[in-house]
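Visitor: No sequence on hand, only this structure:
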């Protein structure tokens, strides 16, 4: 996981092939910062080959919070592995993934 | 802070190697053509655990290899692949490959890819060939299976992620069993700022339809047993608690769930290359074996610390004991009663704690069925291995150190002891030779016997070889015991042909030395054409020693009781001096060197005349010597403290202990002392 861009207007998060509990704390800090400062967040998850429940739960909590706080979230790309994992957990629709990814 | 998964590696490797042992032992006990389903299940579960764990930790190659093994085992337990000798052989080779792969991962060395690919291809070939044949058989005359609609409620405890377990993997595995649909309950998910990203807050209600048994579902959740709330039922017996929870789902789900109307998981993308659920705490035979034994996994460091504490308690008790003897008032009797009680308690506690380190000797024995099987095939002998007393317990460290000598002795029995089937028939014996391993407790020792009904040891051959090597002269008259003991001489081998099994003559002396270093002894009994028996005696533990306290000047030393032959008063007429320096004592028919301990340790003493003190005759590494001491004190069990750890190694001293009066007493290393005195004599001459 890397933050490829973080400025006053937006935070861009690029996920690496494996995103799991090992990076959960770091990801949480970036997302918290974005929420606090009302920055838009763009997430690129098109390279994800493996994602675990800890990170998906974190994304879910973030999406729900972003809705409440009216922070914009844009999925720049989501891999099949990401969608499969999200659907296995039954949270695919709540993550507001792009339509193409959800189909 | 992030989770360091490497902290779980050690547990994973330990459990995986245990799993491999269970697989190997299960495979060896399988009856070809009529395999016991429970044994196949045990082997399958072991493979399943290893696959799951290696997947979790990202050991992809291991996970992929085990996946193929697991598939074959699954076919075997479904009875669609028959258990044949070839199948068992291949699976045993697969166990070897897997063991090597895990060792390579553990030691961060390279995996032998060529061998891995070779065995994996063989597994796949067997799998594809047999599966086609069996599936066509399956169709004929098979009843239509019943589809069951299972309902599962799964709520992980909040720490679940930290154990290395991942619901995504669990659900992936469930989805492979049948039609899978899921509702996520997010009601416990806190506000984002309150979230701990490493804790689990979600729970799930799952529907799973298919020809699936409850055991299959339970197996998937084996890895999280005890780390979650789990309810599994059929649709018409859904626990009320689950039904009540369903409407409380905080986030609306787009499609309602039912057995016939489901939200399917896309099948296009398998979840990475590691499809299994996670494993950290469970192990394959947990329900059948470990649970029965009520065993726990305790780190050796913790146990050692506990033993150390108990050692201190023993010392305290000893101090109080001395104090009690000095007090002279009306309460003396009560004090002494209390002390007696303390002594009892201390001893019981000590014994309990020592038991934590004890393991059944089956841990050392379990490698032999495979070894005997392989060696028999290799050298064309028919051998039956019998194991007795497998539950006999032995200290873990001793167990580890005795394993290699045992392997050497068993290999020797097979190679030199047991004859070829034709030779056995010619000698009027059954074609099948018997090698027996037996263990039992006897008088505070563990005795391990390795016996065979082979050709026995030929006394003439041994003496001939010993004369040829100059170990004895032709005029020497030796007892059987002395002749057999020659086998333990360095470089001694009577094998006509040097094989890669044994016969290089570089092992038996090492075997004996290792056993002696453990404070044990080894003895051979043999009868020509009837067989041989090697008897190993070991102390129960290395942490406590039965010692004889001796006095030299103002110092107290401890001689291990196991090394003492006898103690005697010196008769001056039986003492001779050699080269004006060394003294020898005529003990019946033999001459033994006298080691003056006050000289060895530079201790001032008034007792310098041999007739004023005592000689303690000791034996170490086959050599005898007489230790000259001022006086003998009592005998007692002492807790051994390492000198190397607490001070530095000292020649002639194996350790130290703390006596009841708080003083430190050195424990003598008899073998080292004899060697030291011999060197001193050489220098003096």
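Guide: Yes, it's here. It should be emphasised that the depicted structure is a prediction, and the values quoted were computed from it without experimental measurement.

Visitor: In the stretch 201-350 of chain B, where is pLDDT below threshold?
Guide: Across the stretch 201-350 of chain B, the stretches falling below the confidence threshold (pLDDT under 70) are B:235-297, B:299, B:330-331.

Visitor: any idea where the helices of it begin and end?
Guide: Ranges of helices within the stretch 201-350 of chain B are B:214-220, B:240-245, B:291-293, B:300-326, B:332-356, based on DSSP state H, counting those that start in this stretch.

Visitor: and the first one, how far from the chain's centre?
Guide: A distance of 31 Å separates the centroid of the chain from that of helix B:214-220, by C-alpha atoms, centre = their mean, to the nearest Å.

Visitor: Going by neighbour count, list what's buried in that helix.
Guide: B:216-217, B:219-220 (16 or more other C-beta atoms under 10 Å in any protein chain shown). C-betas here are computed from N, CA, C, even on glycine.

Visitor: and what of the fourth one?
Guide: Going by neighbour count (16+ other C-beta under 10 Å), the buried part of helix B:300-326 is B:303, B:306-307, B:310-311, B:313-315, B:317-318, B:320, B:324.

Visitor: hmm, stretch A:88-97 in reach of chain B?
Guide: Yes. Between stretch A:88-97 and chain B, judged by C-beta under 8 Å from any C-beta of the partner chain, the touching residues are A:88-91, A:93-94.

Visitor: Out of the buried residues of helix B:300-326, flag the one nearest to residue B:387.
Guide: Proximity of those to residue B:387 was ranked by C-beta to C-beta; the top entry is residue B:303 with 26.9 Å.

Visitor: The closest one contacts residue B:356, doesn't it?
Guide: Yes. Residue B:303 lies in contact with residue B:356 (C-beta atoms under 8 Å); the separation is 5.2 Å.

Visitor: picking up where we left off before, just the buried residues of helix B:214-220 now: which is nearest residue B:198?
Guide: Residue B:198 has its nearest neighbour among these in residue B:220, at 23.4 Å by C-beta to C-beta.

Visitor: does the nearest residue to that closest one once chain neighbours are set aside count as helix, strand or coil?
Guide: If you skip the residues right next to it in sequence, residue B:220 has residue B:173 as its closest partner in space, 4.9 Å away by C-beta to C-beta, 6 or more residues apart in numbering or on different chains. Of the three states, residue B:173 takes helix under DSSP: H, G, I helix; E, B strand; the rest coil.

Visitor: what's around residue B:173, how many residues?
Guide: Summarising burial for residue B:173: neighbours were counted as other C-beta atoms under 10 Å in any protein chain shown, giving 22.

Visitor: Could you check the pLDDT of it?
Guide: Each residue has a pLDDT score; the one for residue B:173 is 87.

Visitor: Am I right that residue A:16 falls within a strand?
Guide: No. Residue assignment for residue A:16, taken from three-state DSSP, gives coil, which places it outside any strand.

Visitor: ok, it touching residue A:47?
Guide: Yes. The pair residue A:16 and residue A:47 qualifies as a contact (C-beta under 8 Å) at a distance of 6.5 Å.

Visitor: gap between residue B:124 and residue B:69?
Guide: When distances are taken as C-beta to C-beta, to the nearest Å, residue B:124 and residue B:69 turn out to be 10 Å apart.

Visitor: To clarify, my last question referred to residue A:92.
Guide: When distance is defined by C-beta to C-beta, residue A:92 is 33 Å away from residue B:69.

Visitor: Remind me which helix or strand residue B:450 belongs to.
Guide: Taking DSSP states H and E as the definition, residue B:450 sits inside strand B:445-452.

Visitor: Name the residues of that strand that are buried.
Guide: For strand B:445-452, the buried set under the neighbour-count rule, 16+ other C-beta under 10 Å, comprises B:445-452.

Visitor: got a markdown table for those residues, with distance to residue B:9 and pLDDT too?
Guide: Shown next, in a markdown table, are these (distance: C-beta to C-beta, whole Å; pLDDT from 0 to 100):
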| residue | distance to residue B:9 | pLDDT |
| --- | --- | --- |
| B:445 | 37 | 79 |
| B:446 | 33 | 87 |
| B:447 | 38 | 91 |
| B:448 | 33 | 95 |
| B:449 | 38 | 95 |
| B:450 | 36 | 95 |
| B:451 | 41 | 95 |
| B:452 | 41 | 95 |
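
Visitor: Mind picking out the helix or strand in chain A with the poorest mean pLDDT?
Guide: helix A:99-102 (a mean of 56; mean pLDDT, DSSP states H and E).

Visitor: which residues does the residue nearest the centre of chain A contact?
Guide: The central residue of chain A, meaning the one whose C-alpha is nearest the mean C-alpha position (C-alpha atoms, centre = their mean), is residue A:59 at 4.7 Å. Residue A:59 makes contacts with A:43, A:95, as judged by C-beta atoms under 8 Å, 6 or more residues apart in numbering or on different chains.

Visitor: And the pLDDT at it?
Guide: pLDDT, the model's per-residue confidence, is 95 for residue A:59.

Visitor: Please point out which parts of the helix or strand containing it sit buried.
Guide: Assignment of secondary structure by DSSP H and E places residue A:59 within helix A:53-69. Within helix A:53-69, the residues that count as buried by 16+ other C-beta under 10 Å are A:53-66.

Visitor: How about the residues of chain A by chain B?
Guide: Listed as neighbours of chain B in chain A under the rule C-beta under 8 Å from any C-beta: A:18, A:20-28, A:31-32, A:35, A:49-54, A:56-58, A:60-62, A:64-65, A:79-81, A:83-85, A:87-91, A:93-94.

Visitor: Give me the subset of these lying in strands.
Guide: By the criterion of DSSP state E, membership of these in strands covers A:18, A:50-51.

Visitor: can you tell me which of those residues lies nearest to chain B?
Guide: The shortest distance between chain B and any of those, using C-beta to the nearest C-beta, involves residue A:50 and amounts to 4.3 Å.

Visitor: and which of the buried residues of helix B:300-326 is nearest residue B:541?
Guide: Once C-beta to C-beta is applied, the member of the buried residues of helix B:300-326 that ends up nearest residue B:541 is residue B:307, at 9.0 Å.

Visitor: Cross-check the contact I'm expecting between that closest one and residue B:352.
Guide: No. Counting by C-beta under 8 Å, residue B:307 does not reach residue B:352; the two are 10.9 Å apart.

Visitor: Show me which pair in the buried residues of helix B:300-326 is furthest apart.
Guide: Pairwise distances among the buried residues of helix B:300-326 were taken by C-beta to C-beta; the largest, 31.2 Å, belongs to B:303 and B:324.

Visitor: mind checking the SS state of the residue in the stretch 551-685 of chain B positioned nearest to chain A?
Guide: Here the residue of the stretch 551-685 of chain B nearest chain A is residue B:645; by C-beta to the nearest C-beta that distance is 36.7 Å. Each residue gets one of three states, and residue B:645 gets helix by three-state DSSP.

Visitor: how many neighbours does it have?
Guide: For residue B:645, using other C-beta under 10 Å, the count is 8.

Visitor: can you pull the pLDDT of it?
Guide: The pLDDT attached to residue B:645 in the predicted structure is 71.

Visitor: For residue B:304, see how far away it is.
Guide: 11 Å.

Visitor: residues bridging contact with those two, i.e. touching both?
Guide: When contacts are counted by C-beta under 8 Å, 6+ apart, the set common to residue B:645 and residue B:304 is empty.

Visitor: Give me the below-cutoff pLDDT ranges for chain A.
Guide: Residues of chain A that meet the criterion pLDDT under 70 lie in A:1-7, A:99-103.

Visitor: what about 90?
Guide: Counting by pLDDT under 90, chain A contains low-confidence residues at A:1-11, A:17-18, A:22, A:34-39, A:67-71, A:77, A:92-93, A:96-103.
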